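# have a look at this fold, sequence not included:
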């Protein structure tokens, strides 16, 4: 009996195949490929951009159109920066939903089994999703925030009620638009990993950002004033305010609290990802 041997192209002995080394960089590239290849990603990001720029410009136009009818109180508390960034409040829904889908979508299709088989340690998958989607969200939404601000101030200038980036707190608020939506994206990813359900993750996200603040608003005033500033959305949105709002925390303490909520959710997602089977 003879044994066939595989020779190298030069006629020498065959070389063993090169071992495949799993690295965080390769996991990141894989997540980037997934993100940019899905139509839902493009639609959700496009919707967020339209909300930030389009809605911000529209609300700025409405404010300018009715400025002559504004009360003295409204004029004294008017925040031209916050008005031009009004679209962020609707854009957070598109970004949050896409964040949830980053994990829940794979559980729904069963792709998560292939993902975790390729990356048995699991946590590199979470960090890759956080890094890829977080970077895309921050860059795109910060650019959109600047465009919305500039467009809004151009509209408000018709009534001479505009502001500029050189004014105190304005640049922080505009960049804060990108930061706020970045944390919303991370919160969405964490909820998707925790709940493994698209419907459950989206419902929880909407509850935290929209429903709970609405419920607190209808509580007795003393309770509402005590609770409202510490809710996730209220705390996070404090970074967008230039004119001081007594119902919100100071910009950076409030934003750090919002980051704390997202960090706690990501910590829970880490534990769940390590302990549960795919």
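Now that the structure is in, tell me what you want to look at. What you are looking at is a predicted structure, and each value in this text was computed from that prediction instead of being measured.

# pretty sure residue 92 contacts residue 178?
No. With contact defined as Cβ atoms under 8 Å, residue 92 does not count as touching residue 178 (11.9 Å). Heads up, the C-betas are built off the backbone N, CA and C, glycines and all.

# between those two, who's got more neighbours?
For residue 92 versus residue 178, neighbours defined as other Cβ atoms under 10 Å are more numerous around residue 92 (28 against 20).

# show the subsequent helix or strand relative to the helix or strand harbouring that one.
Using DSSP states H and E, residue 92 sits in helix 88-109. Next along the chain after helix 88-109, taking DSSP H and E as the criterion, comes helix 111-118.

# how about the helices of the stretch 101-250 of the chain, start to end?
Assigned by DSSP state H, counting those that start in this stretch, the helices in the stretch 101-250 of the chain fall at 111-118, 123-156, 170-195, 198-206, 212-217, 221-227, 232-237.

# can you redo the ones you listed as TSV with mean pLDDT?
TSV is the format used below for the helices of the stretch 101-250 of the chain (pLDDT from 0 to 100):
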stretch	mean pLDDT
helix 111-118	81
helix 123-156	96
helix 170-195	96
helix 198-206	95
helix 212-217	94
helix 221-227	91
helix 232-237	94
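
# so which of those helices is the most packed in?
Highest mean neighbour count of the helices of the stretch 101-250 of the chain: helix 170-195, a mean of 25 (counted as mean count of other Cβ atoms under 10 Å).

# so it versus helix 198-206, what angle?
Put simply, helix 170-195 runs at 140 degrees to helix 198-206, going by axes from the mean of the first three to the mean of the last three Cα atoms, to 10 degrees.

# if we can go back for a sec, what's the helix holding residue 92 packed up against?
helix 39-50, helix 111-118, helix 123-156, helix 170-195, helix 198-206 (3 or more Cβ pairs under 8 Å, 6 or more residues apart in numbering; DSSP states H and E).

# distance of the nearest residue to residue 164 once chain neighbours are set aside from residue 88?
Spatial nearest neighbour of residue 164, excluding adjacent residues (Cβ to Cβ, 6 or more residues apart in numbering): residue 170 at 6.8 Å. According to Cβ to Cβ, to the nearest Å, residue 170 stands 15 Å off from residue 88.
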